[in-house]
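Engineer: Predicted model and sequence below, questions to follow.
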Amino acid sequence: MTTREFAASAVDPQSGWAPSKSLVGNIITGKPYKVTPKLVSAIAAGLDLDRQVVAAAAHFQAIGYAEEELSGGAARQLLHILGPNADARQEEPAQSAPSA
């Protein structure tokens, strides 16, 4: 998918706002950009992902997470999407904990 095609499909369902193809290009190449609620919603729509998962990804990329925040909810779903290596790192501490 080109940046133009993605920008056309990434539309915030509430406001109708869509990122420009240059903004999409900046995100892809790692150039600075401002994360906004409209951008998160638009990216979620463009990727056909739950908005909370995209918001967790933005949070993770922008400011990180404390380890205890990664055990459930959207952050946990994000780790599952990222792949087995990210998922396994989060399960290691839980496996070493004594079972009840």
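Structural biologist: Received it, and whenever you're ready, just let me know what you need.
Engineer: Please name the residues that touch Ala56.
Structural biologist: 73-75, 77-78 (CB atoms under 8 Å, 6 or more residues apart in numbering). Just so you know, the C-beta spots here come from the backbone N, C-alpha and C atoms, and that holds for glycine as well.
Engineer: That one: what's its closest spatial neighbour, skipping adjacent residues?
Structural biologist: Ala74 (4.0 Å; CB to CB, 6 or more residues apart in numbering).
Engineer: what about the one you found, distance to Ala62?
Structural biologist: With distances taken as CB to CB, to the nearest Å, Ala74 is found 15 Å from Ala62.
Engineer: Looking at those two, which one has more neighbours?
Structural biologist: Neighbour count, other CB atoms under 10 Å: between Ala74 and Ala62, Ala74 has more, with 17 against 9.
Engineer: Surely the more buried one and Ala58 touch.
Structural biologist: No - assessed by CB atoms under 8 Å, Ala74 is found out of contact with Ala58, at 10.6 Å.
Engineer: Run a quick neighbour tally on Ser25.
Structural biologist: Heads up, residue 25 is Gly, not Ser. Neighbour count for Gly25, taken as other CB under 10 Å: 17.
Engineer: Do I have it right that it meets Thr2?
Structural biologist: No - using CB under 8 Å, Gly25 is not in contact with Thr2, being 9.8 Å away.
Engineer: ok, residues contacting the helix or strand containing Ala45?
Structural biologist: Using DSSP states H and E, Ala45 maps to helix 37-47. Outside helix 37-47, the residues within contact range by CB under 8 Å, 6+ apart are 6-7, 9-15, 17-19, 23, 33, 49-51, 53-55, 58.
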